[in-house]
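Chemist: show me the folded form of this:
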Amino acid sequence: MTGVGVLGWLVLMMCSALATAGLRHHALRHGLLDVPNARSSHQRPTPRGGGMAIVVTAAVAWTVLAGSGGLAPSVYAALLGASLAVAGIGWMDDRGHVSVRTRLGVHGLAAIWALFWLGGLPPVIPWLTGVDPGVFGLGLGVLYLVWLLNLYNFMDGIDGLAGIQALTVCLSAALLGALAVGMEAAWGPLLLAAAVAGFLPWNFPRARIFMGDGGSGFLGMTLGVLSLYAGWLDPALFWAWLILLGVFVVDATLTLLRRLLRGEPVHQAHRRHAYQRAARHLDSHIPVTLGAATINLFWLTPWAAAVALGAIPPMAGLALAYAPLITLALLLGAGRPGDS
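Modeler: Next up, the predicted model:
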């Protein structure tokens, strides 16, 4: 990044921080509080909806970037249309109940919108190389985006975790994208990282406002779209993104699968993710959030770099990176019955 780029990044971060402060004041004034219940990981009523500061800041930044020619119109349309639709339905759910069917319907339409503008699923699946994936590829793409945005919501349960995850993933992905392809693969995640960095001091180490479904869903969809766009630039970059997202993907997926196998209603809130059990065991959110950041930077980023730069095959890199995460999640009891 140039000096102008660094200054712009800092200004964007400050705008996000100020917007978060404004949203917190609004939430306190209007009683928009997340009140603890038996499934909560917090103990006091806390304002919610702060993630909309990330939404607005990132959307404005992408608009400026697209206007200056730094973001292709199709990618801009995919990012803005899909992510704002998800943020909007999440914001409505934060302020009043929205049915699961309605939320999933909007999520699916947003995913289809993004895939339309991106040109479908990129050629990232080895056994489909040279073959038009057609409807099958569209279905895989929709499933990927809808799952990613919902798992992000599931994993936004302790102070700072969702923000730290987005920040570290975006910074690592931007670096690897710049090294492998160029800055066209880096600007999207860099701008999102700035928006998240401004919100984060309000959410960690002690949450003074929560991100809310609007913010977490926005992050999940945006990270998914950015990873698919990276896959169009270089298929190996998509797998690098998937490796970087490993902490959330592994914990949420294992927990969901174990609950599905027991026939539990998976849409109901619970406290059975590995990160939630770890936070209760340690009686603190801080070491769990910092632990996730450490895994991202010092375990997953090197494996993602090896894949992005062609040192190892993508599937091998993913398997090697995920194996210890799966073991750790199982040891921590991801999806195990009971809240202890």
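Chemist: not counting sequence-adjacent ones, nearest residue to I209?
Modeler: Leaving aside its sequence neighbours, I209 sits nearest to G50 (C-beta to C-beta, 6 or more residues apart in numbering; 3.7 Å). Bear in mind the C-beta positions are built from the backbone N, C-alpha and C, glycine included.
Chemist: ok, now which ones touch the one you found?
Modeler: For G50, the contacting residues are 20, 23-24, 27, 199, 202-203, 209-212, 215, by C-beta atoms under 8 Å, 6 or more residues apart in numbering.
Chemist: ok, then the element right after the lowest-mean-pLDDT helix or strand in the chain?
Modeler: When the helices and strands of the chain are compared on mean pLDDT, DSSP states H and E, strand 33-34 comes out lowest with a mean of 86. Per DSSP states H and E, the first helix or strand lying C-terminal to strand 33-34 is strand 46-47.
Chemist: about what we covered before: as TSV, the contacts of G50 with secondary structure would be great.
Modeler: What follows is the contacts of G50, written out as TSV (DSSP: H, G, I helix; E, B strand; the rest coil):
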residue	secondary structure
T20	helix
L23	helix
R24	helix
A27	helix
F199	helix
W202	helix
N203	coil
I209	coil
F210	coil
M211	coil
G212	helix
G215	helix
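Chemist: which residues of the stretch 51-200 of the chain fall in helices?
Modeler: Remark: helices assigned in the stretch 51-200 of the chain by DSSP state H, counting those that start in this stretch are 52-67, 73-95, 100-118, 134-155, 161-180, 187-199.
Chemist: output those as JSON lines; include the columns mean pLDDT and distance to V288.
Modeler: Listed next are the helices of the stretch 51-200 of the chain as JSON lines, based on pLDDT from 0 to 100; distance: least, C-beta to C-beta, whole Å:
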{"stretch": "helix 52-67", "mean pLDDT": "96", "distance to V288": "21"}
{"stretch": "helix 73-95", "mean pLDDT": "96", "distance to V288": "24"}
{"stretch": "helix 100-118", "mean pLDDT": "96", "distance to V288": "27"}
{"stretch": "helix 134-155", "mean pLDDT": "92", "distance to V288": "11"}
{"stretch": "helix 161-180", "mean pLDDT": "97", "distance to V288": "7"}
{"stretch": "helix 187-199", "mean pLDDT": "96", "distance to V288": "18"}
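Chemist: and of those helices, who's closest to L245?
Modeler: Comparing the helices of the stretch 51-200 of the chain against L245 with C-beta to C-beta, the closest turns out to be helix 161-180 (6.1 Å).
Chemist: the closest one: how far from the chain's middle?
Modeler: In this view, helix 161-180 has its centroid 11 Å away from the chain centroid, taken as C-alpha atoms, centre = their mean, to the nearest Å.
Chemist: repeat for stretch 170-189
Modeler: Its chain's C-alpha centre and that of stretch 170-189 lie 16 Å apart, by C-alpha atoms, centre = their mean.
Chemist: cool, and stretch 269-285?
Modeler: For stretch 269-285, the distance to the chain centre is 19 Å (C-alpha atoms, centre = their mean).
Chemist: hmm, who's touching that stretch?
Modeler: 39-41, 154-155, 157-161, 205, 251-252, 254-255, 259, 288, 291-292, 328-329, 332-340.
Chemist: are any of those buried, and which?
Modeler: With burial judged by 16 or more other C-beta atoms under 10 Å, the buried subset of these is 41, 154-155, 157-161, 251-252, 254-255, 259, 288, 291-292, 328-329, 332-336.
Chemist: now the helices: where do they sit in the stretch 201-340 of the chain?
Modeler: Using DSSP H, counting those that start in this stretch, helices in the stretch 201-340 of the chain cover 212-233, 235-244, 246-261, 274-282, 286-295, 301-308, 314-332.
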